[in-house]
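**Student:** have a look at this fold, sequence not included:
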């Protein structure tokens, strides 16, 4: 049976959020910190649903401007299916600017979402079969009145709506009776009901007026006071769990996703309210609008902890699945197993080891150790032995020779052959390797590198080439020892998709920040694979650029500093794009890399 999915109809923005270091002074330049990331109510709700283990399609308008590559890449990494989005080649990506005070509360925001006007009834008509086949449809009031009316009249699936703001929420008033669920905040509920909410009695009166329209479920967010739910004849006021506020943006979007997941699970009113509150609580504890540590197990643990009075744990402690990026399991038994710390299956063990600072051994090292009859050693130790000329014992030498398919040789010949005796590759092979993002090496060297755990490296950039020149470049960065600490490839709604681990989220944020720091650089495509990263950069042909090496070294340094541990293999691989055909080939290679993960040169088996 096909797994149920959710369709989200809404906008995508590029969010710029600023947080002041001190009290805001009007009409003055305030010191603070800026963050840039893909956002939008629709996209954020879809991202949170994916983190909660729900297959999700995002029906939106996608502009063909400089932000297209970032948006596509971030949605693919988040597990959001964009295959049904409307492409607008000449469009301009919507933007959202938020200013926060030092405590993380939003003081002011501006939004330019004119691109949402491209989500027309005609476009939605083409997607009607997908919409009616969904287990639930989520819409936000950034849509036009015509698009909202079409969804209310033609979609048979339960409609979950977010008013977004007082002004935009007015577009929902004519269709309230056709909605299944509405999640306003207190101010939005006042505007739609016409009742000023000052206490429990006035809150219940406002809810009664809204339910009289035919609305089935009302969930009013009350900030730190929790959430009030009115479902048909049932009522519930659930308190907010203990929360460490870092960034107030995104809490409402996570709550929307939580209510949808609770509906899919058939949770009763109070359990649904507490689960949605737990999702919102986790969301605001992250500096990012969408908390990468959110997952089904973490939200369930926090909801249960709120009921029994247990203080909240850090997201890493709440669920092993949140740390290692394992997709949350649907059954209660599996979710509880993740919460209580049941030992995960490999490769999760290796990933957890990497997160907590314990270096896991790659399969290659374990295989060699098993063959030669000694405890597994790190690749570095094996490599050092080969480089400094330490002769292995005869049985070991024979075993290594057998593993790599080479007859046993004297130690000197083995060392010279493995380290410096490689014949140069023909230019044709180098060109093919460059196009597909594989460093130029002979098969023998690749086999030796796999056995001793030494990452393949391209020693130098092109000689005498100016890497500040305008044009496109395909860059590949690898993790040290090929450790799969960035992401996990899993089966999505239609194809294989990526779920980012916390380190992968750090890498993505560093990628998104490149155009902010270097305005002459465009990110055309990117993909954060389990143990390597693809970047397709385009440098301006009209202005002075930083060098490619400088850009990549700054990116790697930023991630390493934030992670607090060594992550990267030394250096990186590059391809200078010299033709339109090469540009298209590189873009397609990056786009479909997750689907070809098991045949990738960098693939590491989880077993």
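**Tutor:** Ah, there it is. Since the model is a prediction, treat every value here as computed from it, not as a measurement.
**Student:** how about residue 231, nearest residue that isn't a chain neighbour?
**Tutor:** residue 217 (4.7 Å; C-beta to C-beta, 6 or more residues apart in numbering). In short, each C-beta sits where N, CA and C put it, glycine included.
**Student:** got the confidence number for the one you found?
**Tutor:** As predicted, residue 217 sits at a pLDDT of 97.
**Student:** can you check residue 532 too?
**Tutor:** 95.
**Student:** the stretch 501-607 of the chain: helices as residue ranges?
**Tutor:** 502-517, 548-563, 580-591 (DSSP state H, counting those that start in this stretch).
**Student:** out of these, flag the one nearest residue 87.
**Tutor:** helix 580-591 (14.0 Å; C-beta to C-beta).
**Student:** give me phi/psi at the residue most central in space within the chain?
**Tutor:** Per C-alpha atoms, centre = their mean, the C-alpha nearest to the average position across the chain is that of residue 78, at 3.7 Å. The phi/psi pair for residue 78 (degrees, to the nearest 10) reads phi -80, psi -10.
**Student:** of the helices of the stretch 501-607 of the chain, flag the one that's most buried.
**Tutor:** A comparison of the helices of the stretch 501-607 of the chain by mean neighbour count, using mean count of other C-beta atoms under 10 Å, puts helix 502-517 on top with a mean of 21.
**Student:** if we look at that helix, which residues are touching it?
**Tutor:** By C-beta atoms under 8 Å, 6 or more residues apart in numbering, the residues outside helix 502-517 that reach it are 34-38, 66, 70, 73-74, 77, 288, 292-293, 323, 325, 355, 485-487, 498, 500, 521-523, 526, 528, 533, 535, 537, 551, 554-555, 558-559, 562-563, 567.
**Student:** next one: stretch 202-216 to chain centre, how far?
**Tutor:** Mean-position distance between stretch 202-216 and its chain equals 37 Å (C-alpha atoms, centre = their mean, to the nearest Å).
**Student:** can you list the domains in this structure?
**Tutor:** Using automatic domain parsing, the domain ranges for the chain come out as 8-119, 363-452, 471-599.
**Student:** could you dump the ones you listed into CSV and include distance to residue 245?
**Tutor:** Listed next are the domains of the chain as CSV, based on distance: least, C-beta to C-beta, whole Å:
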stretch, distance to residue 245
domain 8-119, 5
domain 363-452, 42
domain 471-599, 20
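**Student:** of all the ones you listed, which one is nearest residue 298?
**Tutor:** Closest to residue 298 of these, according to C-beta to C-beta: domain 8-119, at 9.2 Å.
**Student:** doesn't residue 45 lie inside a strand?
**Tutor:** No: when DSSP: H, G, I helix; E, B strand; the rest coil is applied, residue 45 is found to be helix, with no strand at that position.
**Student:** right, and it touches residue 10 too?
**Tutor:** Yes: between residue 45 and residue 10 there is a contact at 6.9 Å, judged by C-beta atoms under 8 Å.
**Student:** could you name every residue contacting both of those two?
**Tutor:** Common neighbours of residue 45 and residue 10 (C-beta under 8 Å, 6+ apart) are 138, 140.
**Student:** pLDDT weak spots in the stretch 201-350 of the chain?
**Tutor:** Along the stretch 201-350 of the chain, segments meeting pLDDT under 70 span 305-350.
**Student:** go with 90
**Tutor:** Applying pLDDT under 90 to the stretch 201-350 of the chain flags the ranges 223-225, 232-233, 240, 242-250, 284-289, 292-293, 301, 303-350.
**Student:** can you map out the strands along it?
**Tutor:** 217-221, 227-231, 234-238 (DSSP state E, counting those that start in this stretch).
**Student:** turn those into TSV, columns for distance to residue 264 and mean neighbour count.
**Tutor:** Formatted as TSV, the strands of the stretch 201-350 of the chain follow (distance: least, C-beta to C-beta, whole Å; neighbours: other C-beta atoms under 10 Å):
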stretch	distance to residue 264	mean neighbour count
strand 217-221	14	24
strand 227-231	15	23
strand 234-238	18	17
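**Student:** so for residue 272, which of these sits nearest?
**Tutor:** strand 227-231 (7.2 Å).
**Student:** name every strand pairing with the closest one and say which way it goes.
**Tutor:** According to DSSP bridges, strand 227-231 forms sheet pairs with strand 217-221 (antiparallel), strand 234-238 (antiparallel).
**Student:** with distance to residue 256 added, can I get the ones you listed in a markdown table?
**Tutor:** Converted to a markdown table, the strands paired with strand 227-231 look like this (distance: least, C-beta to C-beta, whole Å):
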| stretch | distance to residue 256 |
| --- | --- |
| strand 217-221 | 9 |
| strand 234-238 | 16 |
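**Student:** what segments of the stretch 51-200 of the chain are helices?
**Tutor:** 68-78, 121-126, 128-132, 145-154, 166-169, 186-193, 200-211.
**Student:** now for the last one, which elements pack on it?
**Tutor:** Applying 3 or more C-beta pairs under 8 Å, 6 or more residues apart in numbering; DSSP states H and E, one finds that helix 200-211 contacts helix 186-193, strand 217-221, strand 227-231, strand 234-238.
**Student:** now with 7 Å, please.
**Tutor:** If you count contacts as 3 or more C-beta pairs under 7 Å, 6 or more residues apart in numbering; DSSP states H and E, helix 200-211 packs onto helix 186-193, strand 217-221, strand 227-231.
**Student:** quick one: closest of the ones you listed to residue 302.
**Tutor:** Once the helices and strands packed on helix 200-211 are compared by C-beta to C-beta, strand 227-231 is nearest, at 14.1 Å.
**Student:** just to revisit the earlier point, kindly give a single PyMOL line that selects the buried subset of the contacts of helix 502-517.
**Tutor:** Remark: buried members of the contacts of helix 502-517, expressed as a PyMOL selection using 16 or more other C-beta atoms under 10 Å:
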select buried, resi 35+36+37+38+66+70+73+74+77+288+292+293+323+325+355+485+486+487+498+500+521+522+523+526+528+533+535+537+551+554+555+558+559+563+567
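**Student:** quick one on the thing from earlier: for the residue nearest to residue 231, give its distance to residue 267.
**Tutor:** 12 Å (C-beta to C-beta, to the nearest Å).
**Student:** what do those two both touch?
**Tutor:** Shared contacts of residue 217 and residue 267 (C-beta atoms under 7 Å, 6 or more residues apart in numbering): none.
**Student:** so which of the domains of the chain gets nearest residue 126?
**Tutor:** Each of these has some distance to residue 126 by C-beta to C-beta; the shortest is domain 8-119, at 8.5 Å.
**Student:** how far is that closest one from where the chain is centred?
**Tutor:** 13 Å.
**Student:** what about it, how long is it end to end?
**Tutor:** Using C-alpha to C-alpha, to the nearest Å, the end-to-end distance of domain 8-119 comes to 12 Å.
**Student:** now it: mean pLDDT?
**Tutor:** Taken as a whole, domain 8-119 carries a mean pLDDT of 91.
**Student:** make 2 the first number, not 1, from now on.
**Tutor:** From this message on, residue numbering opens at 2, which makes the last subject domain 9-120.
**Student:** one step back: need the contact list for the closest residue to the residue nearest to the centre of the chain other than its chain neighbours.
**Tutor:** Closest residue in space to residue 79, ignoring its immediate chain neighbours: residue 48 at 4.7 Å, by C-beta to C-beta, 6+ apart. In this structure, residue 48 makes contact with 79, 81, 291, judged by C-beta under 7 Å, 6+ apart.
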